[in-house]
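**Q** I'd like to go over a predicted model; first the sequence, then the structure.
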Amino acid sequence: MSDHDQTYRRLYGTGRMLAGVAWVVLLLGLWLWGREVTEVRHGISAPTTGDMAAAGRPPDVKLPPAHRPLGDAVPQRVDIPGLGVQAPVLARGLDARGAPDPPPFGQPGVVGWYAGGAAPGARGTALMVGHVDTDARPAVFFRVSEMRPGQTIRVVRADGRIAEFTVESVQVLTRERFDAHQAYGPRESGRAELRLVTCGGSFDRATRSYTANVVVSAYLTGTGR
């Protein structure tokens, strides 16, 4: 068994059934991650899109029905065809503050998957985080705020299957109006859902951090190999 798989099994086994207080603590940690992860890392500002973009589903966008959830499997790569993103995935846990530990700044092209939660494609909400920029250049999720409902996200899994997700909303949530359950909680019970999270809004020079979080919500609508 690889070190990656061992890390997955350890984190997944200890954290899969997050609920109640533990879930609230995780959501608070996610908010702190969005506020603080880019401190003193200002290089290229993320797109400023206001408080909320494409919230819910525009009336002219018809989304496909949900696909039944898959079994558990470690994610290996994230593909976002509309953005030209093909990124390896790194299993991550929580840092000392209880926030998801993002990929190292030295790996701006890597997506972090919170291995204590659901696997992408399995029942529940899978969480993936990535940097918007570094001190010198755009990072893997730099253009995530440009996504719109109906676009596709593909996650290549260790079992050889590709979980295909359809975006249903893209939100830019400011600190003042941040609602952790709205941002990260499940949209519909029983589905396999996916969240892509990064920093957004504008860069606040006074606090040395971004003013908002970008949250892309998607759900499983198909599979491939």
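**A** Perfect, I can see it now. Keep in mind the model is a prediction, meaning the values are calculated, not measured.
**Q** tell me the bridge partners for residue 217.
**A** Legend: beta-bridge partners of residue 217 under DSSP bridges are residue 169, residue 195.
**Q** roughly how far does it sit from residue 191?
**A** Distance, residue 217 to residue 191, by Cβ to Cβ, to the nearest Å: 11 Å. No exception for glycine: its C-beta is placed from N, CA and C like everyone else's.
**Q** so for those two, which residue has more residues nearby?
**A** residue 217 (23 against 18; other Cβ atoms under 10 Å).
**Q** now do the more buried one, the pLDDT please.
**A** As predicted, residue 217 sits at a pLDDT of 95.
**Q** pretty sure it sits against residue 187.
**A** Yes - contact criterion Cβ atoms under 8 Å: residue 217 and residue 187 qualify, at 6.3 Å.
**Q** need the residues touching each of the two.
**A** 168, 193 (Cβ atoms under 8 Å, 6 or more residues apart in numbering).
**Q** count the neighbours of residue 92 for me.
**A** With other Cβ under 10 Å as criterion, residue 92 counts 23.
**Q** surely it touches residue 111?
**A** No - using Cβ under 8 Å, residue 92 makes no contact with residue 111, being 9.6 Å away.
**Q** shared neighbours of these two, anything?
**A** Shared contacts of residue 92 and residue 111, defined by Cβ under 8 Å, 6+ apart, comprise 103, 129.
**Q** quick one: the helices in this structure?
**A** For the chain, helices defined by DSSP state H occupy the ranges 3-15, 20-36, 180-184.
**Q** where does residue 180 land on pLDDT?
**A** At residue 180, the pLDDT recorded in the model is 68.
**Q** hang on, I meant residue 38
**A** 35.
**Q** when you give positions from now on, start the count at 150
**A** In the new count, where the first residue is 150, that last one comes out as residue 187.
**Q** dump the residue contacts of residue 275.
**A** With Cβ under 8 Å, 6+ apart, residue 275 has these contacts: 224, 262-263, 266-269, 304, 341-344.
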